[in-house]
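K.L.:
this one's sequence-less:
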């Protein structure tokens, strides 16, 4: 497995997005744990989660974090090199509802709760999940700075951020911002500017929904003809080719595809071994 860097930590070039393992339509726990174990078997050492990855309602907050903790604890080999990246500041109060809470006191409390669920003294990477329009952005990021200084988290990142917020966060964190997690896929390229900025600043860029989302990933080839054409020529799936294309965008890009079956993440992991030609990249970029 090729590797990339987040802050001073080396991780696999492909990560595992944990969200589908805990939201509506999730698999049973045995299959979910098997999927996480399959990722580890493939050399994946970055697992993405959040306290909001659960079915609607406060009673399930942190479901995905606890699931990942159990999967790591039951794995047959050493997992100390696995970086678990979690997030706070986003909530799922009810069916179809999403809300934000960027209050600094809340974020600090949420981070401590996440650390407890993950069974760690310090969270490897903690990211502010989504800006809260009711709270000044600098105040929310200030909570991350305090968490870093207090040793509750080892690294800090942000998610769903625009270029101005990336620069502001890096300033508030005194140049300690290590990651930005934004939506990016063949169908959603509006984060191109943020990707380029992260490359300039040396900040890891983690595309979420890198295959277009849970409901759209299977149709990726039919919706993006050039991706399907090149994938067929290389005898890989359009999904694998898409991840390889995203890896070609920058040495700081680390896609985090979700999976609910072992075979799915095993397939995704093969993207790290594909090196696209300049012509292929140009055609995909232009598609």
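P.N.:
Perfect, thanks for sending it. Remember, predicted model here, so these are calculated numbers, not experimental data. Numbers count the residues shown, from 1 in each chain.
K.L.:
going forward, measure contacts between C-alpha atoms and count neighbours the same way
P.N.:
OK.
K.L.:
is it true that residue 138 touches residue 170?
P.N.:
No: counting by CA atoms under 8 Å, residue 138 stays clear of residue 170, with 10.0 Å between them.
K.L.:
in the lowest-mean-pLDDT helix or strand in the chain, what's buried?
P.N.:
Every helix and strand in the chain was compared by mean pLDDT, DSSP states H and E; the lowest is helix 220-223, with a mean of 91. Across helix 220-223, burial judged by 16 or more other CA atoms under 10 Å covers 220, 221.
K.L.:
Return the list of helices and strands in contact with the following helix or strand past that helix.
P.N.:
Sequence order places helix 225-234 as the next helix or strand after helix 220-223, per DSSP states H and E. If contacts are counted by 3 or more CA pairs under 8 Å, 6 or more residues apart in numbering; DSSP states H and E, helix 225-234 sits against helix 220-223, helix 238-248, helix 278-286.
K.L.:
Now helix 225-234: average pLDDT?
P.N.:
Averaged across helix 225-234, pLDDT comes to 97.
K.L.:
ok, for residue 24, nearest residue in space, not its chain neighbours?
P.N.:
Closest residue in space to residue 24, ignoring its immediate chain neighbours: residue 55 at 5.7 Å, by CA to CA, 6 or more residues apart in numbering.
K.L.:
Please give me every residue in contact with that neighbour.
P.N.:
Shown in contact with residue 55 (CA atoms under 8 Å, 6 or more residues apart in numbering): 22, 23, 24, 92.
K.L.:
ok, the first one touching residue 64?
P.N.:
This means residue 22. Yes: contact criterion CA under 8 Å: residue 22 and residue 64 qualify, at 5.5 Å.
K.L.:
ok, these two, which is more surrounded?
P.N.:
Using other CA atoms under 10 Å as the criterion, residue 22 and residue 64 rank with residue 64 on top: 28 against 24.
K.L.:
And whichever strand or helix holds that one, what's buried?
P.N.:
Residue 64 belongs to helix 63-73 when assigned by DSSP H and E. Residues of helix 63-73 classed as buried by neighbour count (16+ other CA under 10 Å): 63, 64, 65, 66, 67, 68, 69, 70, 71, 72.
K.L.:
Look up how far residue 143 lies from the second one.
P.N.:
It refers to residue 64. In this view, residue 64 and residue 143 are 23 Å apart by CA to CA, to the nearest Å.
K.L.:
again with the fifth one
P.N.:
With distances defined as CA to CA, the gap from residue 67 to residue 143 amounts to 26 Å.
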